[in-house]
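A.B. asks: Just the structure for this:
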Amino acid sequence: MLCDFGAFRDLQRHRLLTVEWQRLTPQHGFELPPEIEDAGLLRDWEEVMEDSATTYDELQAAGHENAAQYTVAMAYKLRFMMQMNAREAMHLTELRSSPQGHPVYQRVAQRMHRLIEGVHPTIGAAMGYVDHSTVELERLEAERRTEARRKPLETQ
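C.D. replies: Got it, this is the predicted structure:
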């Protein structure tokens, strides 16, 4: 799999799996959330990503390979592999594909389900709650509802 480091860390939290990952580097590029462009912050975002990559390169060149990883922004993509049994695959794909989740790990969970279906159609078919919809802003809407509920409490 290949996804941004932030989404990887959420997926990594699942207990019944083995995860192997490559060193975090800027070499695979980064995720660009559509909200950044919508907010008119694309240039600022790109500058931060460039600064992160430049700092990484400088530390690498100075022989600080391990420390260099800490300069890579969480939006940069990381290549990893996950091994799990069918029970954990069902749990992970059904939970992480829900519309309330982050769009990046939703795509990872959906892709995992498609790959499982391709190799083990019976197991893939048993994963009845995997959501393959493309509702990108469901999480944002949930945050707005939460914020709206908080406002009356703050004015008291």
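
A.B. asks: for the residue lying closest to A86 once chain neighbours are set aside, what are its contacts?
C.D. replies: Ranked by CB to CB, 6 or more residues apart in numbering and with sequence neighbours excluded, the top spatial neighbour of A86 is I123, at 5.1 Å. Backbone N, C-alpha and C define where each C-beta goes, glycine included. Applying CB atoms under 8 Å, 6 or more residues apart in numbering, we find I123 in contact with A86, A89, M90, I116.

A.B. asks: again, but for E88
C.D. replies: Applying CB under 8 Å, 6+ apart to E88 gives the contacts H14, L16, L17.

A.B. asks: out of the residues you listed, which are buried?
C.D. replies: Buried by 16 or more other CB atoms under 10 Å: H14, L17, out of these.

A.B. asks: Okay, buried residues for the one helix or strand T122 maps to please.
C.D. replies: Per DSSP states H and E: T122 is located in helix 121-126. Across helix 121-126, burial judged by 16+ other CB under 10 Å covers G124.

A.B. asks: what is the rounded mean pLDDT of the longest strand seen in the chain?
C.D. replies: Identified as the longest strand of the chain according to DSSP state E is strand 77-84. Strand 77-84 carries an average pLDDT of 95.
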